[in-house]
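J.: build me a model:
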Amino acid sequence: MGFTKRELIEFLDGLVELASEENKAKAILAKEKFVSDFENTYRYEKEVITEITKLPPHYIAAMPDAVQEEIRQKVIAALTEHGECTPENVDRAMSFKIYDLEDLIDIREYVERMEAEQRKKAEQKRRGGR
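T.: Have a look, this model is predicted:
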């Protein structure tokens with residue numbers, strides 16, 4: 001029997017919770033890398049794909065440079081706190097979608113910014129389309 005994406009992530013989140021505090025950041029990064037690699041290799045059930053695609057991806061690399069730098073500093077601080085701050089871990093985290101970092105840093109501010117920007121663009125498009 002296969003997993004849906006949600007089931008897989010819930011399972012992996014459960015495993016991450018079992019990690020010691022010293023290894024939690026490493027476990028989170030390993031989980032995110034696995035999910036990313038898995039997404040590139042396998043497809044999920046159609047129902048889950050439909051649900052997930054409703055959320056905008058918000059890749060960190062597509063955000064303004066100033067926002068990327070804010071996120072980088074928070075990621076560095078969180079990884080340093082867990083003893084896992086290496087250039088590779090920072091680079092890997094910065095290549096994720098903002099939603100993928102929610103276990104590492106507080107992403108609400110960035111998600112709200114990106115959603116407000118999307119609403120603004122949609123409103124401008126509607127006004128321009130009339």
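
J.: so E84, which of the three states?
T.: Classification of E84 by DSSP: H, G, I helix; E, B strand; the rest coil places it in coil.

J.: for it, phi and psi?
T.: Here is the backbone geometry of E84 (degrees, to the nearest 10): phi -120, psi 20.

J.: who are the contact partners of it?
T.: A25, K26, L29 (Cβ atoms under 8 Å, 6 or more residues apart in numbering). (Each C-beta comes from the backbone N, C-alpha and C, glycine too.)

J.: any of those buried? List them.
T.: Among the contacts of E84, those classed as buried by 16 or more other Cβ atoms under 10 Å are A25, K26, L29.

J.: show me which positions of the top helix by length along the chain end up buried.
T.: Across the chain, the helix with the greatest residue count (assigned by DSSP state H) is helix 108-129. Within helix 108-129, the residues that count as buried by 16+ other Cβ under 10 Å are Y110, V111, M114.

J.: next: stretch 65-85.
T.: Neighbour-count burial for stretch 65-85 [16+ other Cβ under 10 Å]: V67, I71, K74, V75, I76, A78, L79, H82, E84.

J.: sketch out the low-pLDDT regions of this structure for me.
T.: 1-5, 40-58, 129-130 (pLDDT under 70).

J.: can you put the buried residues of helix 108-129 in CSV and add distance to M63?
T.: As requested, the buried residues of helix 108-129 are exported to CSV (distance: Cβ to Cβ, whole Å):
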residue, distance to M63
Y110, 7
V111, 11
M114, 7
